[in-house]
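Peer 1: Predicted model and sequence below, questions to follow.
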Amino acid sequence: MKLTLDQIQSQNNSQSAEHTRSFEFLAESLDKKGVDVEVLISKVQDLQIAIPSWALGTGGTRFGRFSGGGEPATLIQKIQDVGILHALNQSSNAVSLHIPWDIPSDYQAIKDSAAEVGIRFDAVNSNTFQDQANQAHSYKFGSLANSEAAVRDLAVEHNKQVIEIGEKLGSKALTVWLADGSSFPGQHSLRKALENTHLSLQEIYKDIPEDWKLLIEYKPYEPNFYSTVIQDWGTSFLLANKLGKKAYTLVDLGHHLPNTNIEQIVTTLMSEGKLGGFHFNDSKYGDDDLTVGSVKPYQLFLIFQELVKGFEETNNPPLSWMIDASHNLKDPMEDLLQSVQAIKLAYAQALLVDSKSLEAAQEVHDVAGAQEILQDAYRTDLRPLLAEAIRRSGGAIDPIQAFRSLKVRETLIEERGLKSIASGL
Ligand code: LRH
Ligand code: MN
Ligand code: MN
């Protein structure tokens, strides 16, 4: 299935009067505050968030999985789904592949189907947290950190193959997330596990092309419950620094212990020019992979506020933006549309912050005043501005409403059946 501009415009027509009224009202009040609405709109239009191939099917928990219908069963179908999302929101022009879940069999066909719907290939992800059929050595006790050289070599080789696949598709980054760690004190040497990881990453780094990034993800626990080798941003940052200028830290919002001040991590990494990208999601307890902005939207805004300042004040290179969520209860595509909107909203609100007044308040220790300035931006309802940005780019004023009215899921079920199975998590 492919959505046409005409289909989307016919949806917009029915909403256009109400949309114009609310947008004009907002634009006027922003204008009175001295905000350049056109600049705000074009910045929001430019923000593109990659969709992970594994988020297009229904996720599960360790207790069960309740699949929905019409899920993409092949890589081409996953790309088609991202194409549909992008047609609706004009903000998801890339897909992030996970190898070996998404090994292309016919590269030209894959590239053609992506080009047809205006999708490019974002970071490629390696997978050394699962054993594949007939694998020579097991990752049960770790991959890049394993005490056995043969296992480490296998994992290094896999990552090199993932780089090759990414090169053929036009990707510009490799994301490494390791499950390596231990579940019991004494199980392995904490020091050697880190050292092995560093040496293995050094081998992989040699194959990272000059115009690529190596993105190192961290996570405090799970699947191991005593120690994780790359447990936090400090460990990731340390490794990225040791490896060299192409290596960066990737922040997955769900990979922190409760109440961690993520915005402060973001600022520190940007000051050092070592923030490489994001995996957006939301969480209440752990790596819950919930819809972005569904639980802690204010935190998301504060993160974006640091990002916006970082773009202006540091030399940190442009970031890889990606969603990393899972959907057990909702239609995955609706969930992804919600997540992208939440990211854009937080970004737009952060752009709205009166940074000069905030700095002035900070200088004179006006604590209440500083909070007022931040919350004035956060509490401004910028949804009509997001809708206007999408409309001008050729997308749907209300992407979820259009998804439903255009009967996207029903059509996908007709095409693919009720029991199609997406590979991946
Ligand atoms: C595991 C994880 C991680 C990776 C993804 C593939 O925590 O969610 O964030 O990026 O799997
Ligand atoms: Mn992640
Ligand atoms: Mn995760």
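Peer 2: On my side now, so go ahead. Numbers count the residues shown, from 1 in each chain. Ligands and ions are numbered 1, 2, ... in the order given.
Peer 1: and the nearest residue to Leu307 once chain neighbours are set aside, how far is that from ligand 1?
Peer 2: For Leu307, ignoring the flanking residues on the chain, the nearest one in space by C-beta to C-beta, 6 or more residues apart in numbering is Val266 at 6.3 Å. Using the backbone N, CA and C atoms, a C-beta is placed for each residue, glycine as well. Applying C-beta to the nearest ligand atom, to the nearest Å, one obtains 17 Å for the distance of Val266 from ligand 1.
Peer 1: Contact partners for Val266?
Peer 2: When contacts are counted by C-beta atoms under 8 Å, 6 or more residues apart in numbering, Val266 is found next to 251, 275, 303, 306-307, 310.
Peer 1: Buried residues of the strand or helix carrying it, list them for me.
Peer 2: Element membership for Val266, per DSSP states H and E: helix 262-271. Within helix 262-271, the residues that qualify as buried are 262-263, 265-270, counting by 16 or more other C-beta atoms under 10 Å.
Peer 1: Any chance of the residues you listed in a markdown table with pLDDT and distance to Ala155 as columns?
Peer 2: Below are these laid out as a markdown table (pLDDT from 0 to 100; distance: C-beta to C-beta, whole Å):
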| residue | pLDDT | distance to Ala155 |
| --- | --- | --- |
| Ile262 | 98 | 29 |
| Glu263 | 98 | 33 |
| Ile265 | 98 | 27 |
| Val266 | 98 | 29 |
| Thr267 | 98 | 33 |
| Thr268 | 98 | 29 |
| Leu269 | 98 | 26 |
| Met270 | 98 | 30 |
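Peer 1: Can you tell me which of those is nearest Phe403?
Peer 2: Out of these, the one with the shortest distance to Phe403 is Ile262. That distance is 29.9 Å, counting by C-beta to C-beta.
Peer 1: I'd like to know how far the closest one sits from ligand 1.
Peer 2: Using C-beta to the nearest ligand atom, Ile262 is found at 14 Å from ligand 1.
Peer 1: Show the contacting residues for that residue.
Peer 2: 251, 253, 256, 299, 303.
Peer 1: if you set the cut-off to 6 Å instead, what comes out?
Peer 2: For Ile262, the contacting residues are Ile303, taking C-beta atoms under 6 Å, 6 or more residues apart in numbering as the criterion.
Peer 1: ok so, going back, please indicate which of the contacts of Val266 has the highest neighbour count?
Peer 2: Within these, most neighbours by other C-beta atoms under 10 Å means Leu275, with 29 neighbours.
Peer 1: where does the stretch 151-300 of the chain come near ligand 1, residue by residue?
Peer 2: On the criterion C-beta under 6 Å from any ligand atom, ligand 1 has as its neighbours in the stretch 151-300 of the chain the residues 177, 217, 219, 252, 279, 287.
Peer 1: what does the stretch 151-300 of the chain have sitting close to ligand 2?
Peer 2: With the criterion set to C-beta under 5 Å from the ion, the stretch 151-300 of the chain comes near ligand 2 through 252, 279.
Peer 1: still on that earlier bit, downstream of the helix holding Val266, the next helix or strand is which one?
Peer 2: Per DSSP H and E, the first helix or strand lying C-terminal to helix 262-271 is strand 275-280.
Peer 1: Look up how far Trp101 lies from the residue of the chain found nearest ligand 1.
Peer 2: Using C-beta to the nearest ligand atom, Trp177 is the residue of the chain that sits closest to ligand 1, at 4.1 Å. With distances defined as C-beta to C-beta, to the nearest Å, the gap from Trp177 to Trp101 amounts to 13 Å.
Peer 1: The two: who's more crowded?
Peer 2: When neighbours are counted by other C-beta under 10 Å, Trp177 and Trp101 differ, and Trp177 comes out ahead with 22 against 17.
Peer 1: right, and that one touches Glu217 too?
Peer 2: Yes - Trp177 is in contact with Glu217 according to C-beta atoms under 6 Å; the separation is 4.0 Å.
Peer 1: Point out where the stretch 51-200 of the chain drops to low pLDDT.
Peer 2: Applying pLDDT under 70 to the stretch 51-200 of the chain flags no residue at all.
Peer 1: In strands, which of the contacts of Val266 fall?
Peer 2: Among the contacts of Val266, the residues falling in strands (DSSP state E) are 251, 275.
Peer 1: Would you mind putting the contacts of Val266 into CSV with distance to Ser138 and pLDDT alongside?
Peer 2: Written out in CSV, the entries for the contacts of Val266 read as follows (distance: C-beta to C-beta, whole Å; pLDDT from 0 to 100):
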residue, distance to Ser138, pLDDT
Val251, 30, 98
Leu275, 34, 98
Ile303, 38, 98
Glu306, 41, 98
Leu307, 40, 98
Gly310, 41, 98
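Peer 1: Okay, Cys338 and Leu85: tell me how far apart.
Peer 2: I think there's a mix-up here, since residue 338 is Gln and not Cys. Summarising the geometry, the distance separating Gln338 from Leu85, computed by C-beta to C-beta, is 11 Å.
Peer 1: for Thr267, what are its contacts?
Peer 2: By C-beta under 6 Å, 6+ apart, the neighbours of Thr267 are Glu306.
Peer 1: related to what we said a few turns ago, looking at Gln338 and Leu85, which is more packed in?
Peer 2: Using other C-beta under 10 Å as the criterion, Gln338 and Leu85 rank with Leu85 on top: 29 against 19.
Peer 1: Val117 contacts Ile84, correct?
Peer 2: No - between Val117 and Ile84 there is no contact, the gap being 7.8 Å when judged by C-beta under 6 Å.
Peer 1: Which of these two has more residues huddled nearby?
Peer 2: Neighbours were tallied for Val117 and for Ile84 using other C-beta under 10 Å; the higher tally belongs to Ile84 (23 against 19).
Peer 1: Tell me the most packed of the residues of the stretch 151-300 of the chain next to ligand 1, by neighbour count.
Peer 2: Sorting these by how many neighbours each has (other C-beta under 10 Å) puts His279 first, at 26 neighbours.
Peer 1: Show me the beta-bridge partners of that one.
Peer 2: Under the criterion DSSP bridges, His279 forms beta bridges with Asp252, Met322.
Peer 1: Touching, it and Ala325? I think so.
Peer 2: No - with contacts counted by C-beta under 6 Å, His279 stays clear of Ala325, the gap being 8.6 Å.
Peer 1: Apart from its chain neighbours, what residue comes closest to Lys309?
Peer 2: Ranked by C-beta to C-beta, 6+ apart and with sequence neighbours excluded, the top spatial neighbour of Lys309 is Ser355, at 6.9 Å.
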